[in-house]
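Trainee: Sequence first, predicted coordinates after that:
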Amino acid sequence: MLQTSGVDPDITSTISSCTNNVHKVETGDVTLIGLGNIDCANLVPSGTELGAKGISVFSSDAFTLHVFQADDGGNRADGYLAIPDSQLGTEYFVATYCTLGGICQFIVTAIQDATLVTVVFPDNIDNEITCVSGMQEPTNVQSGTALPYIIHEYDTLHFESTQDLSGTYIKSSQPVGVIVGARDVPTADDQVTNTIEQIMPANKWGTEFVVAPNRLNHAGDIIKIVSKIDSTIVHILGFSPFMMQHAGDVVERRVDWELHSRIHASNPVMIMQIMSIDLYNGTNDVTGSPSMVLVPHTDQKIGNGVYFHCDSDNKILSALVEQSATISVTEPSDPNMYESFTENVPGTTLEVFTVIPNPIVEHVILSNTDLVGYGYCDGVSSFLLASDWTVENEVSSNI
């Protein structure tokens with residue numbers, strides 16, 4: 001399912017039956033676009049492969065696009081905030097999570113024909129996952145070796161493995177999009193779900209972050225930090241600093257419930273937040289339906305507020321703002337229709353503003369400040385609400 005704000009965009013793919021049979025429902029300022037599981041089934045990757053399975057969503061007017069998957073029962077699962085084509089890049093490092101089961105995945109999608117994509121798997125990844133379109137890579141290709149592919153507009157280069165694919169390096173001759181996640185991830189009710197997130201290119205990473213754990217997840221959240229520069233030193237407030245020795249290194253930590261954490265890195269890093277996992281409390285339990293969301297750095301705050309849409313009972317909005325800022329909930333206008341909390345982030349001038357809407361409230365709008373934040377919907381889906389993708393760093397990776 002696609003969710004857009006402000007416009008009714010054009011949908012294009014190589015599968016005409018999918019493009020011609022999308023189901024659109026306008027609700028307030030949001031258009032919900034359903035991609036039928038019959039007409040669009042051929043767009044779903046089948047194992048590790050290269051195929052023309054991309055979708056273009058276009059409008060001449062600016063809009064925000066959220067993309068949501070469905071679980072095996074056809075119900076809403078995890079989602080992500082789509083990055084505009086104009087802000088895609090040519091260098092990425094992958095972050096995935098399938099520690100408790102499931103299949104880790106990532107996809108590279110082209111927006112221009114004849115794009116050369118080079119994939120370098122880290123040393124801990126087995127060679128057999130590099131089967132593409134039924135063709136096995138030569139047995140003498142070792143992890144850490146550059147594997148080149150030519151892909152075209154609408155093509156998706158898809159890899160999956162039971163192993164964690166974090167740290168995989170991707171370089172392309174022209175801008176591409178990279179989407180990561182996992183399928184068949186166990187949930188607390190003995191079902192399986194999917195996680196998904198679009199990651200930003202390495203030239204848009206940052207050095208200052210605040211991680212705000214999901215208030216509805218009492219087990220705390222897990223974060224994965226990925227480096228792009230050798231000898232990157234990371235400070236998490238309240239803990240001893242540590243060094244990430246090589247580009248593409250990955251470190252995993254837990255952030256306790258309601259412990260908003262400032263993270264500083266000596267070089268740009270990427271941080272992924274994973275919710276509904278109880279891995280570091282002496283168990284390997286799944287406390288709900290796992291989901292993942294990219295943590296934007298503090299320079300990616302936007303100036304025009306955020307719009308959150310969720311039509312389920314179980315939902316929350318968490319926004320990062322300056323303590324001196326004035327923040328207001330413009331929808332719902334009745335303060336009795338939501339709870340809100342403001343908590344300072346130690347060691348910073350920032351605070352986390354959290355809104356828990358009444359179950360009947362479907363829309364929440366925050367305005368009047370520079371902010372960035374995520375929404376959590378239906379107990380299964382976490383997704384960024386907005387981010388300033390134009391902010392770039394000038395530090396090149398060591399790869």
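Mentor: It's in.
Trainee: Angles on the backbone of Thr45, please.
Mentor: No Thr there; residue 45 is Pro. phi -60, psi 150 (degrees, to the nearest 10).
Trainee: I'd say it and Lys53 touch.
Mentor: Yes: counting by CB atoms under 8 Å, Pro45 does reach Lys53; the two are 6.3 Å apart. From N, CA and C alone the C-beta is placed, and that goes for glycine too.
Trainee: Read off the pLDDT value for Cys18.
Mentor: pLDDT for Cys18: 69.
Trainee: same check, this time on Pro138
Mentor: The confidence metric pLDDT takes the value 49 at Pro138.
Trainee: now the helices for this structure?
Mentor: Applying DSSP state H to the chain gives helices spanning 16-20.
Trainee: what residue ranges in it are flagged as low confidence?
Mentor: Under the criterion of pLDDT under 70, the regions of the chain flagged as low confidence span 1, 6-7, 16-29, 36-39, 71-75, 124-143, 278-285, 303-304, 368-369.
Trainee: how about 50 then?
Mentor: When the per-residue scores of the chain are filtered using pLDDT under 50, the ranges that remain are 130, 138-140.
Trainee: Show me which of Pro45 and Lys53 is the more surrounded one.
Mentor: Between Pro45 and Lys53, counted using other CB atoms under 10 Å, the more crowded position is Lys53 (22 against 17).
Trainee: who's in contact with that one?
Mentor: Ser13, Thr14, Asn42, Leu43, Val44, Pro45, Tyr154, Asp155, Thr156, His158 (CB atoms under 8 Å, 6 or more residues apart in numbering).
Trainee: hang on, the earlier thing: touching both of Pro45 and Lys53, which residues are there?
Mentor: Going by CB under 8 Å, 6+ apart, residues that sit against Pro45 and also against Lys53 are Thr156, His158.
Trainee: Buried subset of the contacts of Lys53, written for ChimeraX?
Mentor: The buried subset of the contacts of Lys53, as determined by 16 or more other CB atoms under 10 Å, is captured in ChimeraX by this line:
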select :13,14,43,45,154,155,156,158
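Trainee: Select from the contacts of Lys53 every entry located in strands.
Mentor: Taking DSSP state E as the definition of strands, the contacts of Lys53 contribute Ser13, Asp155, Thr156, His158.
Trainee: which of these lies closest to Thr64?
Mentor: For the ones in strands among the contacts of Lys53, the closest approach to Thr64 (CB to CB) belongs to Ser13, at 20.6 Å.
Trainee: which residue sits closest to that closest one, ignoring its sequence neighbours?
Mentor: Ranked by CB to CB, 6 or more residues apart in numbering and with sequence neighbours excluded, the top spatial neighbour of Ser13 is Ile55, at 4.7 Å.
Trainee: neighbours of the one you found, just the number please.
Mentor: Under the neighbour criterion other CB under 10 Å, Ile55 is assigned a count of 20.
Trainee: How about Tyr169?
Mentor: Applying the criterion other CB under 10 Å, we find 21 residues in the vicinity of Tyr169.
Trainee: what bridges to it?
Mentor: Applying DSSP bridges to Tyr169 gives these bridge partners: Phe93, Val120.
Trainee: Now do the same contact list for it.
Mentor: The neighbourhood of Tyr169, defined by CB under 8 Å, 6+ apart, consists of Glu91, Tyr92, Phe93, Val94, Val119, Val120, Pro122, Ala247, Gly248, Ser397, Ile399.
Trainee: now, which of the residues you listed sits nearest Pro84?
Mentor: Nearest to Pro84, judged by CB to CB, of the contacts of Tyr169 is Tyr92 at 16.0 Å.
Trainee: wait, doesn't the closest one sit right on Gly167?
Mentor: No: with contact defined as CB under 8 Å, Tyr92 does not reach Gly167; the gap is 11.1 Å.
Trainee: more neighbours, the two?
Mentor: Counted by other CB under 10 Å, Tyr92 and Gly167 do not tie: Tyr92 has more neighbours, with 28 against 23.
Trainee: Quick check: the gap between that one and His158.
Mentor: Using CB to CB, to the nearest Å, Tyr92 is found at 15 Å from His158.
Trainee: Also Gln87?
Mentor: When CB to CB is applied, the distance between Gln87 and His158 equals 22 Å.
Trainee: now the closest residue to Gly51 other than its chain neighbours: how far from Tyr149?
Mentor: If you skip the residues right next to it in sequence, Gly51 has Thr156 as its closest partner in space, 6.2 Å away by CB to CB, 6+ apart. For Thr156, the distance to Tyr149 (CB to CB) stands at 11 Å.
Trainee: quick one: common contacting residues for those two?
Mentor: Common neighbours of Thr156 and Tyr149 (criterion: CB under 8 Å, 6+ apart): Leu50.
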